[in-house]
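Visitor: Could you work out the structure for the sequence below:
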Amino acid sequence: MKTLEDQLSSYAAYHRDPRNIATHFIGIPLIVMAITVLLSRPSLPFMGLAISPALIAVCAASAYYLRLSRGLGVVMALLLGLCLWLGAWAAALSTPAWLSLGVGGFVVGWVFQFVGHFWEGRKPAFVDDVMGLIIGPLFVVAEALFGFGLLKELKGRIEARSGPVRVRHAAVH
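Guide: A predicted model of the protein is given here:
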């Protein structure tokens, strides 16, 4: 299994334009929330829990993130737990409302993703490695933490492998 650094470095190589990274801060959370919403139906009660495809997916993803990094895995599990809560709330809505949130969020999220990759001038990472679909949310969390000055050593190792984020210069008139 690839390490956290391997996965994030590989994903980061497709994301060096700051505008692309910015669109991912909107697009990826929308997609993750939308998928969780859509997978929250059907659910079966079991020992006080609503067992749904969303719960199974969140448990599997959380286990993977925890295996890559205990600290980041805990953060991801908490964020995915919030998505589960949103999904359960949305699943209780009428079918049109539930579908509107799920499908609408999914489509809007992917629009943001593709606009970002247009600016990047490079295809999304998942086109070459399907693992990019699960690493994307982790990348967004890592980038947010980097932005707060955290995980400096990890950021340095990733940038040594994938290059730094490109600086955008304003046009001089």
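Visitor: Low-confidence stretches in the chain?
Guide: The model of the chain has pLDDT under 70 over residues 168-173.
Visitor: So which residue is smack in the middle of it?
Guide: With distances taken as C-alpha atoms, centre = their mean, residue 137 lies nearest the centre of the chain, 1.8 Å away.
Visitor: Let me know the secondary structure of it.
Guide: Classification of residue 137 using DSSP: H, G, I helix; E, B strand; the rest coil returns helix.
Visitor: Next, the buried residues of the helix or strand harbouring residue 7.
Guide: Using DSSP states H and E, residue 7 sits within helix 4-12. Within helix 4-12, the residues scored as buried using 16 or more other C-beta atoms under 10 Å are 4, 5, 7, 8, 9, 10, 11, 12. C-beta coordinates here come from the backbone N, C-alpha and C atoms, glycine included.
Visitor: Tabulate those residues (a markdown table), appending distance to residue 126.
Guide: Shown next, in a markdown table, are the buried residues of helix 4-12 (distance: C-beta to C-beta, whole Å):
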| residue | distance to residue 126 |
| --- | --- |
| 4 | 18 |
| 5 | 19 |
| 7 | 12 |
| 8 | 14 |
| 9 | 16 |
| 10 | 11 |
| 11 | 9 |
| 12 | 14 |
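Visitor: Send me the helix holding residue 7 as PDB with only the CA atoms.
Guide: Presented in PDB, the C-alpha positions along helix 4-12 are these (Å, rounded to 0.1, in the frame of the first residue of the first chain):
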ATOM      1  CA  LEU A   4       0.300   9.000   2.900                       C
ATOM      2  CA  GLU A   5       3.200  10.900   1.300                       C
ATOM      3  CA  ASP A   6       3.000   8.800  -1.800                       C
ATOM      4  CA  GLN A   7      -0.700   9.300  -2.200                       C
ATOM      5  CA  LEU A   8      -0.700  13.100  -1.500                       C
ATOM      6  CA  SER A   9       2.400  13.700  -3.700                       C
ATOM      7  CA  SER A  10       0.900  11.800  -6.600                       C
ATOM      8  CA  TYR A  11      -2.400  13.700  -6.300                       C
ATOM      9  CA  ALA A  12      -0.600  17.100  -5.700                       C
END
